[in-house]
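Asks: Build me a model:
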Amino acid sequence: MASSLGNFLRRSLRRAGRREGKDGACAADNTPPQAPQGKQGERSSVFYSAGQFFFEYLVVVSLKKMPDGRYEPKITYQFPKRENLLKGQKEEEERLLQAIPLFCFPDGNNWAPITEFTSETFSFVLTNVDGSRKIGYCRRLLPSGRGVRLPEVFCIISCLGCFGLFSKILDEVEKRRQISMAVIYPFMQGLRESPFPAPGKTVTIKSFIPESGTELIELTRPVDAHLEHVEFQALLQRLSPHLILHIFASAMLERRLIFLAEELSVLSQCIHAVAALLYPFTWAHTYIPVLPECLLDTVCCPTPFMVGIQMRHLQRVLEQPMEEALIVDLCEGKIIRAVGDEEEILPGKLQNEMLTSLNRHNNNNNVHTSEQVNALVSEAFVEFFVRLVGHYGSHIKWGRSGSGSFQERNFCKAMASKSCRRLLKKFVKTNMFSLFIEEAEKSRIPQEAYFQKKIIEYHEQKKHRKDS
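Replies: So this is what the prediction gives:
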């Protein structure tokens, strides 16, 4: 069973597709089909759509003892139960429900009943063959009671990306679990009947708790949609700004990246943060923030990947016959294995400016909230991309039909700096850039409104400095 499930997951976690670039350029394989379009000017991803259901499922995954004495994760509760599904829908649901337990207990079957356990929050991502993504938000906890018992996982499956908001929902689920499973259902029913709020908006859920009465729970969505699945502080706490830039440069060139930590929450938070540094671009390859033990041979994949693995498996990872990869130790804050050119990938001037910015934010005692940290860190990387590729719009040639044609060669030649031009020639061959340009060629109205706003601000500042 583990073998067949592993094969399915490997297929589903790689997004198939290919784009023939302009000027004869050809991007790498595994490009995802595009997600449904949102409103013009908004990010074109189901992750950020308002008005959808908060979630598709809430499942409880428990450990069941097998005849050989090991414990295997099984779904013991599912809400809602979906009926009257078409054959294709039913098969998709069965595959999803079969995969979920593996990601809720990715650390294998070597469990035993315990008396104490600190609850932990983490998330995983499943990518369907059509490119659509589902996120699993997990809270692993020890049920209330006396004596030894086994932990269980409450997992909310949603296509909406907002880690902070779902963490708050899981807080409410855990609070109700300590009373009774029966108290969880009405809360989740109320949540399911409420539409997912637009950025910056709040939805209020009424929920009754025995002996406490009716509670009003307010769930607010962050104003900046592109930062709502991110905790940059987790990355800054574990890695120096210098190493973060090495990782960013490797991700930008779509290399193989492996992150190691023992805590599932650290793995998921840090990998989501690294992927978010690439905004306005999107990582377009295998992406598994918490890699189940039975899928460790994923690191042998010759195509790009970004995966998180528990530190206990380090030796097994190092013994795998894998190609060049960047291996990052999040526990010690160091790089275990590197390609060797990470220091030279980013242009020196831009790299130094980002280092200065990250060091300033890292040492700024006036910054307290995660939202402030997210905004300040994101600003440094968005500014980098503005200066590197912000002139892309000037090199899209528009036809009478309204569709555009990107002039790649002229775009690269327009960059005055030799070091920037050298990086640009590599970056335009990546899937993430190809996908970004595909969207830009469809409409004169930019899809990434925030990025476009930063481009305009940069040019206005540049013009102002020239005039003065």
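
Asks: Where does pLDDT dip in the stretch 301-450 of the chain?
Replies: 361-368 (pLDDT under 70).

Asks: For it, just list every one of the helices.
Replies: 314-319, 342-345, 348-362, 370-389, 408-413, 418-427, 431-442, 449-467 (DSSP state H, counting those that start in this stretch).

Asks: do the same with the stretch 51-200 of the chain
Replies: Along the stretch 51-200 of the chain, counting by DSSP H, counting those that start in this stretch, helices occupy 87-104, 163-177, 181-192.

Asks: what's the closest of the ones you listed to Tyr279?
Replies: helix 163-177 (15.2 Å; Cβ to Cβ). For glycine as for every other residue, the C-beta is placed from the backbone atoms N, C-alpha and C.

Asks: The closest one: how far from the chain's middle?
Replies: 19 Å (Cα atoms, centre = their mean, to the nearest Å).

Asks: Show me what it is in contact with.
Replies: Residues outside helix 163-177 that contact it (Cβ atoms under 8 Å, 6 or more residues apart in numbering): 54, 58, 119, 121, 123, 137-139, 141, 143-144, 154, 156, 158, 183-184, 187-188, 191, 207, 209, 217, 219-222, 228-231, 269, 272, 370.

Asks: Tell me how far the residue nearest to Arg70 when sequence neighbours are not counted lies from Phe124.
Replies: Nearest non-adjacent residue to Arg70, counting by Cβ to Cβ, 6 or more residues apart in numbering: Asn109, 4.2 Å away. Counting by Cβ to Cβ, to the nearest Å, the gap from Asn109 to Phe124 is 18 Å.

Asks: Which residues outside the host helix or strand of Leu245 are in contact with it?
Replies: Following DSSP states H and E, one finds Leu245 within helix 241-252. Among residues not part of helix 241-252, those counted as contacts by Cβ under 8 Å, 6+ apart are 235-236, 239, 257, 274-275, 277-278, 283, 306, 326, 328, 333-335, 338-339, 342-343, 345-346, 351, 354-355, 358-359, 362, 381, 427, 430.

Asks: Apply 6 Å and report the result again.
Replies: Here helix 241-252 makes contact (Cβ atoms under 6 Å, 6 or more residues apart in numbering) with Leu257, Val274, Leu277, Leu326, Glu342, Ile345, Leu346, Leu355, Leu358, Asn359.

Asks: Please tabulate those in JSON lines and include neighbour count and distance to Ser394 as additional columns.
Replies: Below are these laid out as JSON lines (neighbours: other Cβ atoms under 10 Å; distance: Cβ to Cβ, whole Å):
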{"residue": "Leu257", "neighbour count": "23", "distance to Ser394": "32"}
{"residue": "Val274", "neighbour count": "25", "distance to Ser394": "30"}
{"residue": "Leu277", "neighbour count": "24", "distance to Ser394": "25"}
{"residue": "Leu326", "neighbour count": "21", "distance to Ser394": "34"}
{"residue": "Glu342", "neighbour count": "20", "distance to Ser394": "31"}
{"residue": "Ile345", "neighbour count": "21", "distance to Ser394": "25"}
{"residue": "Leu346", "neighbour count": "22", "distance to Ser394": "23"}
{"residue": "Leu355", "neighbour count": "17", "distance to Ser394": "29"}
{"residue": "Leu358", "neighbour count": "21", "distance to Ser394": "30"}
{"residue": "Asn359", "neighbour count": "13", "distance to Ser394": "33"}
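
Asks: secondary structure element for the residue nearest the centre of the chain?
Replies: Centroid check for the chain by Cα atoms, centre = their mean gives His272 as the closest residue, at 4.0 Å. Assigned by DSSP H and E, His272 belongs to helix 264-276.
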